[in-house]
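1. sequence unknown, structure follows:
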């Protein structure tokens, strides 16, 4: 299988691509991996592992069409969110994703994995959100969830209307392996009720989840949540950072205890997913934070 990956030098991509090179190529009986990056120098580690590096901007239609040529599958990991202006978020997370999907379809690519976010769910379900729930992203989360949801809807429309094999992987809050994301969670957790929970997923489990979504047959049009088994409370996030939680956190209200919590039953039951790190504490004990 010849696979194109976008967003390869981001926090998720740089940890996913080496695993893809080691595992997906072998699992599919041989193949190749191409990465589309804006700066080829940053992709040298992938080239050393055997990836084909193509330099180009995801927002450049010509570069995108060249990148998808000859590919069997595309994994769109690219994203723009924290610290990025809203127009850039929409340009990368929606517009570029849509153009990439349409270019892949026209080029005869066999399957397309759109990496998205569980932030599309928002609140108000009264239970862990499932993939068939109507998404309702919260305005307080910025433009990122809405842009990702818009891309999902367009791409899944290509599946319904034109038979394109699109699969969506919605990631929980990603952490691990030196990613500063976990420490940055205190920006939000510092304002939460003590028992407000954050659903997490380790980079190793992101990789195995996305690989399962990529390699499985017969799942065109399906959406899968990828997350661990034990969402961490605001207190636990402070403990992990070695910081005392705010004194008033225990008394703060928590309108919806299920906000941000997503079910992984579909991924477990249909694709055999079992998290390597079921909780952030498991990852801490293994030394892979």
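-> Yep, it's here. Not measured: the values here are computed from a predicted model.

2. What is the burial count for the residue nearest to residue 50 when sequence neighbours are not counted?
-> Leaving aside its chain neighbours, residue 50 sits nearest to residue 21 (5.8 Å; criterion: CB to CB, 6 or more residues apart in numbering). For the C-beta atoms, the positions are set from N, CA and C on the backbone; glycine is no exception. Look at residue 21: counted by other CB atoms under 10 Å, it has 20 neighbours.

3. State whether residue 21 is indeed within a strand.
-> No - membership of residue 21 in a strand is not supported by DSSP: H, G, I helix; E, B strand; the rest coil, which gives helix.

4. who's in contact with it?
-> Listed by CB atoms under 8 Å, 6 or more residues apart in numbering, the contact partners of residue 21 are 33, 46, 49, 50, 51.

5. Check residue 113 too.
-> Residues counted as contacts of residue 113 (CB under 8 Å, 6+ apart) are 73, 74, 75, 76, 166, 167, 168, 169, 210, 213, 214.

6. Restricted to helices, list those.
-> 210, 213, 214 (DSSP state H).

7. possible to save the contacts of residue 21 as TSV with neighbour count and pLDDT?
-> Formatted as TSV, the contacts of residue 21 follow (neighbours: other CB atoms under 10 Å; pLDDT from 0 to 100):
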residue	neighbour count	pLDDT
33	25	96
46	25	95
49	13	92
50	11	92
51	24	95
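
8. Among the residues you listed, which one lies nearest to residue 92?
-> Of all those, residue 46 has the smallest distance to residue 92: 20.1 Å, by CB to CB.

9. Which secondary structure element is home to the closest one?
-> helix 44-48 (DSSP states H and E).

10. Pull out the buried residues from the helix or strand following that helix.
-> For helix 44-48, the following helix or strand on the C-terminal side (DSSP H and E) is strand 52-55. Neighbour counts over strand 52-55 (16 or more other CB atoms under 10 Å) mark 53, 54 as buried.

11. Check which helices and strands strand 52-55 is in contact with.
-> strand 32-37, helix 44-48, helix 61-68 (3 or more CB pairs under 8 Å, 6 or more residues apart in numbering; DSSP states H and E).

12. other SSEs contacting the second one?
-> To tie it back to what came earlier, the one meant is helix 44-48. Under the contact definition 3+ CB pairs under 8 Å, 6+ apart, helix 44-48 sits against helix 13-19, strand 52-55.

13. could you dump those to CSV with distance to residue 62?
-> Compiled in CSV, the helices and strands packed on helix 44-48 are given as follows (distance: least, CB to CB, whole Å):
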stretch, distance to residue 62
helix 13-19, 22
strand 52-55, 12
